[in-house]
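Colleague: Return a 3D structure for these sequence lines:
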Amino acid sequence: MPKRHSLDAVIIGAGIVGAACAYYAARSGLTVAVVDRGPVAGGTTGAGEGNLLVSDKEAGPELDLALLSTRLWRELSDALPPDIEYEPKGGLVVAPDETTLKALRTFAEGQRAAGVTPEEIPGHRLADLEPHLAPGQAGGFLYPQDAQVQPAKAAARLLAAAQAQTHLGEEVTHVLRDPTTGAVRGVRTPHRDLLAPIVVNAAGTWGAEIAHRAGAHLPVLPRRGFVLVTEPLPRVVRHKVYAADYIADVASGSASLQSSAVVEGTPAGPVLIGATRERVGFDRALSTEALRRLATQAATLFPFLADVDIVRVYHGFRPYLPDHLPAIGPDPRVPGLYHACGHEGAGIGLAPATGALIAAALTGTHPPLDPTPFSPARDFDDHAPGGDR
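Modeller: Down below sits the predicted model:
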């Protein structure tokens, strides 16, 4: 007979979002368990760069969520051990010409109204911020609120601080439901039943499968991305630097390969170079075209990178929802089922705010912001992408 546990909630997923849900639920007085078929941060979190960005988000619900998370990450940087490598280094968005700079200016004005604090940097001052940046840029915008974290360590530290029961290497094979009411009553793995009146789906790119096992529908799809890692270098890139077309790539629903260089140094020395996006299912094949584009675009921003060795390449899958907003909150079709997934490439940055919203929903307390735009009950049909399967 499998071992049984009495819990307030079971969280499926030991990535950064699941860890944040566990942390804030525990702070709210709930007893939770976290279960994952792999290790901590074994999915999208472990393949992320650790971006905590407001700079790439237009005014609206996702930016509101990001601003809340910005504040919460600052609090977490004091509460968690320093090895999470929280670094409020700021982001620099670069425009190669006046037309692009004008578009960035309009974009920034909308963000200011929401509480973002961008500063326009004329072209002749860019070298003061990034001495190795390619000359001839029209200008850019500095975002002091952008930051960085080591995502795998942050997930592990959040889980430790939550003091949650953690069951790794155990796939959830069934979401248990009451045969009369249909309400969830826990999950089953090959090793145990974990009984609880609440199940939180924080399974990232596998969120659609977990929803299906619970009798619900959530159209989460994987969106593949590659990252290049250079040899260790002195701190030659001071901020998170990216070309303005990255913003358009983030907002795009295209299934084809898109790439726009995001370049940043790390405390350990290597420079990280992202980011590509393409919807190819869970195809893990190496794309030489994606790597070539990234390397070329990075060297265009920082010419010195043309002579630097790439020592490693890694890739992962962003959990993509068609309208580019995560699903956070209760599923009205299955009592006791909550979702916290679909953050695409922003999950690391948005994790604390997601955890706080989930904790408020679980305890019936006032949420820190309006959760309505993130409701899993919203209609995704108008945004349904093609060519993904």
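
Colleague: Next, the buried residues of stretch 29-46.
Modeller: Across stretch 29-46, burial judged by 16 or more other Cβ atoms under 10 Å covers 30, 32-37, 40-46. Heads up, the C-betas are built off the backbone N, CA and C, glycines and all.

Colleague: is it possible to export these to CSV including pLDDT and secondary structure?
Modeller: Shown next, in CSV, are those (pLDDT from 0 to 100; DSSP: H, G, I helix; E, B strand; the rest coil):
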residue, pLDDT, secondary structure
L30, 98, coil
V32, 98, strand
A33, 98, strand
V34, 98, strand
V35, 98, strand
D36, 98, strand
R37, 97, coil
V40, 97, coil
A41, 97, coil
G42, 95, coil
G43, 94, coil
T44, 94, coil
T45, 96, helix
G46, 93, helix
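
Colleague: Can you tell me which of the residues you listed lies closest to V175?
Modeller: V35 (11.2 Å; Cβ to Cβ).

Colleague: Next one: the closest one from T173, what distance?
Modeller: 11 Å (Cβ to Cβ, to the nearest Å).

Colleague: got it, and L92?
Modeller: Separation of L92 from T173 (Cβ to Cβ): 47 Å.

Colleague: Between these two, which has more neighbouring residues?
Modeller: Between L92 and T173, counting by other Cβ atoms under 10 Å, L92 is the more crowded of the two (25 against 11).

Colleague: was I right about that one contacting V237?
Modeller: No: with contacts counted by Cβ atoms under 8 Å, L92 stays clear of V237, the gap being 9.6 Å.

Colleague: what's the overlap in contacts for those two?
Modeller: Listed as contacting both L92 and V237 by Cβ atoms under 8 Å, 6 or more residues apart in numbering are E130.

Colleague: what is in contact with V35 and T173 at once?
Modeller: Shared contacts of V35 and T173, counting by Cβ under 8 Å, 6+ apart, come down to T189.

Colleague: what about the helices in the stretch 1-150 of the chain?
Modeller: For the stretch 1-150 of the chain, applying DSSP state H, counting those that start in this stretch gives helices covering 16-27, 61-79, 98-112, 126-129.

Colleague: got a list of contacts for the second one?
Modeller: Defining contact as Cβ under 8 Å, 6+ apart, one finds that helix 61-79 is touched by 52-54, 57, 84, 86, 88, 111, 114-116, 145, 147, 149, 154, 158, 161, 324-326, 346, 349-354, 356, 368-370, 373-374.

Colleague: Which strand residues bridge I12?
Modeller: Beta bridges link I12 to V35, N201, judged by DSSP bridges.

Colleague: Next one: it from G48, what distance?
Modeller: Between I12 and G48 the computed distance is 19 Å (Cβ to Cβ).

Colleague: same question, P232
Modeller: 20 Å.

Colleague: Neighbour count for the two, which is higher?
Modeller: A side-by-side neighbour count of P232 and G48, using other Cβ under 10 Å, places G48 first with 28 against 11.

Colleague: sorry, back to before: can you pick out the most distant pair from the buried residues of stretch 29-46?
Modeller: Of all pairs in these, the most separated under Cβ to Cβ is L30 and G46 at 26.1 Å.

Colleague: Not counting sequence-adjacent ones, nearest residue to G281?
Modeller: Leaving aside its chain neighbours, G281 sits nearest to P222 (6.4 Å; criterion: Cβ to Cβ, 6 or more residues apart in numbering).

Colleague: Would you enumerate the residues in contact with the one you found?
Modeller: Per Cβ under 8 Å, 6+ apart, neighbours of P222: T205, R279, G281, F282, F317, R318, P319, Y320.

Colleague: Just say helix, strand or coil for it.
Modeller: strand (DSSP: H, G, I helix; E, B strand; the rest coil).

Colleague: now do E171
Modeller: Applying three-state DSSP to E171 yields a three-state assignment of coil.

Colleague: One more: L176?
Modeller: strand.

Colleague: how close does L104 sit to V94?
Modeller: According to Cβ to Cβ, L104 and V94 sit 9 Å apart.

Colleague: before we move on, back to that, possible to save the buried residues of stretch 29-46 as a markdown table with distance to P135?
Modeller: Below are these laid out as a markdown table (distance: Cβ to Cβ, whole Å):
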| residue | distance to P135 |
| --- | --- |
| L30 | 55 |
| V32 | 53 |
| A33 | 55 |
| V34 | 49 |
| V35 | 52 |
| D36 | 47 |
| R37 | 49 |
| V40 | 43 |
| A41 | 39 |
| G42 | 42 |
| G43 | 40 |
| T44 | 36 |
| T45 | 37 |
| G46 | 37 |
